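[1] would you be able to build a 3D model of this:
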Amino acid sequence: MDRAYAQPLDVPAVAAVAHISPAHFSRCFRSLFGETPHRYLQRRRVERSMFLLRETGRSVTEVCFDVGFASLGTFSRTFREIVGQTPSGYRSGNRPADVPNCVLMANTRPRAAAASTAT
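    Numbers count the residues shown, from 1 in each chain. Down below sits the predicted model:
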């Protein structure tokens, strides 16, 4: 999921790679990571979009589609839920960083909610 975050992924496809049923995969994933596979994938996409918004001049719409969202509305709503501000607001308050990318990612990675109910 981390490597193919921009591809259309769903639980049955990812569960097939793990050779287990979708229901069992979802239960195990949530037990281990504290969130559903779908929410994890959304968070991963938002994390990548944060980098693109900060480090490139690509439009919010281009970033939305680059990271795998099919709808600008869904992207904006999800981004706001996870980051706490709109994609445009995030971009205006965050400029390219002068630190190594690994340090930046460790300090800006969106965290999973303790009791996420998204599916």
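
[2] give me the neighbour count for Gln85.
    14 (other CB atoms under 10 Å). Where C-beta positions appear, they are placed from N, C-alpha and C, glycine not excepted.

[3] out of everything not next to it in sequence, what's closest to it?
    Gly93 (7.4 Å; CB to CB, 6 or more residues apart in numbering).

[4] I'd say that neighbour and Gly84 touch.
    No. Gly93 is beyond contact range of Gly84, at 11.0 Å (criterion: CB atoms under 8 Å).

[5] just give me the neighbour total for the residue nearest to Gln85.
    9.

[6] and it, how far from Ala16?
    41 Å (CB to CB, to the nearest Å).

[7] what sits against Ser49?
    Neighbour list for Ser49: Val63, Cys64, Asp66, Val67, Phe75, Phe79, Pro87 [criterion: CB atoms under 8 Å, 6 or more residues apart in numbering].

[8] restricting to C-alpha, output the helix or strand containing it in CSV.
    Following DSSP states H and E, one finds Ser49 within helix 37-55. Only the C-alpha atoms of helix 37-55 are listed here, as CSV (Å, rounded to 0.1, in the frame of the first residue of the first chain):
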residue,chain,number,x,y,z
PRO,A,37,-6.8,-0.2,5.5
HIS,A,38,-8.9,2.5,3.7
ARG,A,39,-8.0,5.2,6.2
TYR,A,40,-4.4,4.2,6.2
LEU,A,41,-4.3,4.6,2.4
GLN,A,42,-6.0,8.0,2.7
ARG,A,43,-3.5,9.1,5.2
ARG,A,44,-0.6,7.9,3.1
ARG,A,45,-2.0,9.8,0.1
VAL,A,46,-2.4,12.9,2.2
GLU,A,47,1.1,12.6,3.5
ARG,A,48,2.5,12.5,-0.1
SER,A,49,0.2,15.4,-1.1
MET,A,50,1.6,17.5,1.8
PHE,A,51,5.1,17.0,0.2
LEU,A,52,3.9,17.9,-3.3
LEU,A,53,2.0,21.0,-2.1
ARG,A,54,5.0,22.2,-0.1
GLU,A,55,7.8,21.4,-2.6
